[in-house]
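Participant: Okay, sequence plus prediction incoming.
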Amino acid sequence: MPAVSTPVLAAQAAEEIFRPDGWFLDNVWLIAAIPAASFVIILFFGKRFPKQGSEVGIAALGISWVLSVLTAIQWIGERDSVPSGGEAEHAAGTALAVAQEAEHEAEVGFAAVVNSITWWSNGGVDFPIGTLVDGLTVMMLLVVTSISLLVHVYSTDYVGGDRRYTHFFAFLSLFSAAMLFFVMSENIIQMIVGWELVGVCSFVLIGHWWEDQANSDAALKAFLTNRIGDVGLLIGMIILFWTAGSFSTLTINERVVAGELSHNTLLIASLCLLAAVMSKSGQFVLHTWLPDAMAGPTPVSALIHAATMVVAGIYMVARLYPVFFEGMSISGSSINALALVGAITLVGGGLLAFVQDDIKKVLAYSTISQLGYMVMALGVGAWTAALFHLFTHAFFKAGLFLGAGSVSHAVHGFDMKKDMGGMRKFMPTTFWTFLICSAALAGVFPLAGFWSKDEILAGSGGWGLFGGTGGNGAYTSMLVMGILGAALTGAYMTRTIYLTFFGEFRGHGEPHESGKRITIPLIILAAAATFAGLSNLPAGFITGSEDGWQERFLHYVEPVAPYFPAIGHATPSYTLAVVSSIIAFAGIAWAGYYYFVLVAREGATATELADGLTNKSRVARAGYTVLKNKYYFDLLYTDVIVGFVKGPLAKATNWFDRHFIDRTVDEVGRRSVTAGQFVYDKIDQLVVDGAVNAAGTTSQGAGEGLRKMQTGRVQQYAGIMFAVATVLAGIFIVII
Amino acid sequence: MLLNQFLVLAAILFSIGVYGVLARRNAVLVLMSIELILNAVNINLVAFSAMTGNIAGEVFALFVIAVAAAEVGIGLAIVLLMYRNRHNIDLNEADLMRG
């Protein structure tokens, strides 16, 4: 890519900036307000509705979904209406990325639609509240409302007959409303509010079946782990406010892009915000809450993992991208904190997914791993690739979770080894949708995951392996991690599919296919997982085709405006796509050989090899133990850190308390008692009390005397009064 | 000018009233005596008003009449309650406020 320096782009964009306009873009607040209203209605009147309030939630999300679609259509219309000299060139369909890039840069700027009012005002600082609509917001609105609507429909069957059915739907609505509020926030205060609201809702929903101690512990763990990151969020936001002098995300971004803020401040701010991303988006080392959050009902897991909650961290980075871009020096380096955290999470989470027996936990670690992809993509400057992966991941991961829910609904358990096996015979619809979503997750061509994952890989390895060009830096190590992750993903999903759907049924009872309210969302999500990838075909993929097919996602979502940094766009590399596909297939093939051939040979009900690698090799067994114990992170947190605080630290503090603080306090106390005794004896008893007693005695004497006058007879009083009046009158006369 | 006569009349009424207030034991009669005192004052006010040609005195007399009416209303109510509770209205007996 020809390096276009930032000021040029900013200046150019500032000159001709297009301001989109439209009713839906201006009134996007309705999309969040309707589910919020639905929450209140369900909470207070839900039980009076014929279907216990679930229809209110579905209707609200349905309206929000329609509004989101209309907003998206309006946004696309406005985006396409931009008069651009480059469009004709684009239509020519030249495969040359240079031409693509030149065209992209030559476009006129495209402003976001901002509507805000002053929420409150304090000390001369206005706290605004409002909506910000650009491609990113529109995409998130679409994802959140779509997934949430499907989850609502699915839940009517899945949690049907639950004792807190109404309550569940109320909080599903609030959860969606909170996430929608968060993604349309115009300023960082509003973002913090939305962020915390999402956290509270996840707490409530994870602990939905709180009668079980484990569930309520998981909810607490999710909430408290997130609090750690929230501290980082608050500090980061405060730094941004004081350096940029504004709460508005656009103002902050514009000032960063214009180079008005110091690099070191941005570095500190972005590191603080990274802590928030680590907790919210389940990145190492604060990921431990996420697998435990599986304690919640499965629809909630789907919602948390696909559309709300965990993608909040990704969204926050994407929204404040200039801060990270400048603070982390993403452009032109080969490693940075964001990319590193993402890459470690990507591989670490993928490995952990191997040793899980609980189907939902496999998916949970898979989510951690995929979120690692997104964070890594953001870290290497592949902004659009990260958001595109968020978009495709939302569909196939929601499909996988709902599919897992469908299976566990049928077999009344989550353990793949004990409760499942051979399910493809009982639940064909669930099996096929699960298979499609798994393939999409594993990056099988031409399903959704292939396109988005490949785009991330292309974005990372720009100057490195396999002949890629463009991008922002030589993130070769990230490319290697990404390809490794792809192989892991293929392998653990193959394992999951074998254990769940193949072999003999190992559970109890007669499982059967779930009802229509479960299978229809599954089919819709599988279809989306198949086709979502087509929304961002790489440039030059279809040569000579119509303009409307290539890089549409990039075109509509990535801002071209002064509030967005001049990131470099990588050129897609066919070699890279082929190599990563081969490696992913190698992962699938390896796991497939292990399970479908070796394990299946052991018997239809076998789940592992009797003399497998872990039994033969000490190294492999040690590795398995480490993974089984989740890298000992939980042990570190509960036993080492909490244990240290509870044991030695508490004892030391206690000793210090007794010997230093208590002694001082005791000494002060004793001295005070002596001083007090002296004051009491000499001053209080003699001087003060004496004075008070004297006053009392005198008053009593006077009172005794005067009392005799108080006969209670009105006429006597009147007599005295007249007598005195007469005397006074006499004096008056004499004097005058 | 008949001012002296009026003043003398007022003085006599006032004295009768004071006597009644101080000497009678019947509460109703005491109230009536108070009326006498107030009306003595009224006569003075009207007399001086007529002498000086200033209407203010007569206005004040009207105020006094209104206040006196209210005072008698409350006074009689107290007397009535006193009778209900004690079956007499002897002021010498009503000495609950004795110190």
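Facilitator: Nice, I can see it. Residues are numbered from 1 along each chain as shown, chains lettered A, B, ... in the order given.
Participant: For the rest of this, base every contact and every neighbour count on C-alpha atoms.
Facilitator: Fine.
Participant: How is whichever residue of chain A sits closest to chain B classified with respect to secondary structure?
Facilitator: Closest approach between chain A and chain B, counting by Cα to the nearest Cα: residue A:712, at 3.9 Å. Here residue A:712 is coil, with the state taken from DSSP: H, G, I helix; E, B strand; the rest coil.
Participant: Also the one 4 residues further on?
Facilitator: Reduced to three states with three-state DSSP, the structure at residue A:716 is helix.
Participant: okay, now it: neighbour count?
Facilitator: Residues within reach of residue A:716, counting by other Cα atoms under 10 Å in any protein chain shown, total 17.
Participant: list the contacts for the residue lying closest to it once chain neighbours are set aside?
Facilitator: Spatial nearest neighbour of residue A:716, excluding adjacent residues (Cα to Cα, 6 or more residues apart in numbering or on different chains): residue B:22 at 7.3 Å. Neighbour list for residue B:22: A:715-716, A:718-719, B:30 [criterion: Cα atoms under 8 Å, 6 or more residues apart in numbering or on different chains].
Participant: Enumerate the residues of chain A near chain B.
Facilitator: Residues of chain A lying close to chain B (Cα under 8 Å from any Cα of the partner chain) are A:707-716, A:718-719.
Participant: And the residues you listed, which is closest to residue A:514?
Facilitator: Residue A:514 lies nearest to residue A:712 out of the residues of chain A next to chain B, by Cα to Cα, at 94.9 Å.
Participant: what are the phi and psi angles of residue B:90?
Facilitator: In terms of degrees, to the nearest 10, the main-chain angles of residue B:90 are phi -80, psi 120.
Participant: Quickly list what it is bridged to.
Facilitator: Here residue B:90 sits in beta bridges with residue B:26, going by DSSP bridges.
Participant: State the distance from it to residue B:96.
Facilitator: As judged by Cα to Cα, to the nearest Å, residue B:90 and residue B:96 stand 13 Å apart.
Participant: just residue A:324 next, same as before
Facilitator: 88 Å.
Participant: Okay, now the unreliable bits of the chain?
Facilitator: Going with chain A. A:1-16, A:83-108, A:461-474, A:539-550, A:603-624, A:626-643, A:645-646 (pLDDT under 70).
Participant: Chain B was what I was after
Facilitator: Across chain B, the ranges flagged by pLDDT under 70 are B:1, B:99.
Participant: Residue ranges of each domain in chain A, please.
Facilitator: As given by automatic domain parsing, the domain ranges for chain A are A:339-536+A:573-628, A:633-710.
Participant: could I get the ones you listed as JSON lines with distance to residue A:286?
Facilitator: What follows is the domains of chain A, written out as JSON lines (distance: least, Cα to Cα, whole Å):
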{"stretch": "domain A:339-536+A:573-628", "distance to residue A:286": "10"}
{"stretch": "domain A:633-710", "distance to residue A:286": "9"}
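Participant: most packed of the ones you listed?
Facilitator: Each of those was scored by mean neighbour count; the highest is domain A:339-536+A:573-628, a mean of 23, by mean count of other Cα atoms under 10 Å in any protein chain shown.
Participant: distance between it and the chain's centre?
Facilitator: Put simply, domain A:339-536+A:573-628 sits 21 Å off its chain's centre (Cα atoms, centre = their mean, to the nearest Å).
Participant: ok so, going back, counting neighbours around each, name which of residue A:324 and residue B:96 comes out higher.
Facilitator: Taking other Cα under 10 Å, residue A:324 and residue B:96 do not tie; residue A:324 has more neighbours (26 against 9).
Participant: Counting neighbours, which bits of the helix ranked longest in chain B end up buried?
Facilitator: Scanning chain B for the helix with the most residues, using DSSP state H, yields helix B:56-86. Buried residues in helix B:56-86, defined by neighbour count with 16 or more other Cα atoms under 10 Å in any protein chain shown: B:57-58, B:61, B:64-65, B:68, B:72, B:79-80, B:82.
Participant: Over to stretch A:266-281?
Facilitator: Judged by neighbour count (16+ other Cα under 10 Å), stretch A:266-281 contains these buried residues: A:266-281.
Participant: Which ones among these map onto helices?
Facilitator: Among these, the ones falling in helices (DSSP H) are A:266-280.
Participant: hey, what's residue A:127 bridged with?
Facilitator: Beta-bridge pairing of residue A:127 under DSSP bridges involves residue A:120.
Participant: Quick check: it touching residue A:186?
Facilitator: No: under the criterion of Cα atoms under 8 Å, residue A:127 makes no contact with residue A:186, lying 10.9 Å away.
Participant: Of those two, which one has the most company?
Facilitator: Between residue A:127 and residue A:186, counted using other Cα under 10 Å, residue A:186 has the larger neighbour count: 24 against 18.
Participant: how close does that one sit to residue A:119?
Facilitator: For residue A:186 relative to residue A:119 (Cα to Cα), the value is 12 Å.
Participant: got the residues of chain B near chain A?
Facilitator: B:21-23, B:91-92, B:94-99.
Participant: need the contact list for residue B:25.
Facilitator: Residue B:25 touches B:89-92, counting by Cα under 8 Å, 6+ apart.
Participant: Next up, phi/psi of it, please.
Facilitator: Per-residue torsions, residue B:25: phi -100, psi -10 (degrees, to the nearest 10).
Participant: Same question for residue A:18.
Facilitator: The phi/psi pair for residue A:18 (degrees, to the nearest 10) is phi -90, psi 130.
Participant: cool, the one 4 residues further on as well?
Facilitator: According to degrees, to the nearest 10, the main-chain angles of residue A:22 amount to phi 170, psi 150.
Participant: That one reaches residue A:74, doesn't it?
Facilitator: Yes: taking Cα under 8 Å as the definition, residue A:22 is a contact partner of residue A:74 at 7.0 Å.
Participant: what about the two, which has more around it?
Facilitator: When neighbours are counted by other Cα under 10 Å, residue A:22 and residue A:74 differ, and residue A:74 comes out ahead with 19 against 13.
Participant: My read is that the more buried one contacts residue A:25, right?
Facilitator: Yes: between residue A:74 and residue A:25 there is a contact under Cα under 8 Å: 7.3 Å.
Participant: tell me, what's touching residue A:186 and residue A:119 both at once?
Facilitator: By Cα under 8 Å, 6+ apart, residue A:186 and residue A:119 have these common neighbours: residue A:129.
Participant: about what we covered before: of the buried residues of helix B:56-86, which is the nearest to residue A:655?
Facilitator: Nearest to residue A:655, judged by Cα to Cα, of those is residue B:82 at 77.1 Å.
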